[in-house]
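Enquirer: one predicted model, sequence on top.
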Amino acid sequence: MGRPSSYSEEIADKIVDRLMEASIRKVCEEEGMPDRNTVNRWMLIHPEFAAKCARAREIRAAAYVEETIEIADQPAPTNAFGSVDGGAVQDKKVKIAARQWYAEKIDPRRFGQKVAIGGAEDLPPLKNLTDDDLEARIRAKLEAMNASKPE
């Protein structure tokens, strides 16, 4: 069975639903899902689909933030002598850091580092980007990605 290549609301909704739980790469690897480049093109052509995908990623970022607490609250495994397994602790730290990083990148307004305004001279000036500015940047990035890949 080949991958679907034409846009439909049904497939778009399935993609959005799955994006709340998994990356676009994993979603597109699933049976019956379109190729990642196809989905990227759909985001360029269908702004409402792109907005839904962005919102789904924000929801996943919030879920990741909640997961960091669950990971941190799990007791670290111990060895036969009752000592905490240092490798398991490091693994937990990496999982927490990765989820925090993702949340900060996807939804910086909610989960990003706070910046002091007007206090430090060594900080770059802040620019408030509108949704239109962000959408234009995303479109340009997706177009560049698609242009560099062979059909």
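Expert: Received, thanks.

Enquirer: now do the contacts for residue 136.
Expert: Counting by CB atoms under 8 Å, 6 or more residues apart in numbering, residue 136 makes contact with nothing. From N, CA and C alone the C-beta is placed, and that goes for glycine too.

Enquirer: number the chain from 114, please
Expert: Shifting the count to begin at 114 puts that one at residue 249.

Enquirer: now do it, the pLDDT please.
Expert: pLDDT for residue 249: 79.

Enquirer: next: residue 229.
Expert: We have a pLDDT of 58 for residue 229.

Enquirer: ok, residue 183 next?
Expert: Reading off the per-residue confidence, residue 183 sits at a pLDDT of 93.

Enquirer: give me the element it is part of.
Expert: With elements delineated by DSSP states H and E, residue 183 resides in helix 160-186, which encompasses its position.

Enquirer: and that helix, what does it pack onto?
Expert: Using 3 or more CB pairs under 8 Å, 6 or more residues apart in numbering; DSSP states H and E as the contact test, the elements touching helix 160-186 are helix 122-132, helix 149-158, helix 199-219, helix 221-224, helix 244-261.
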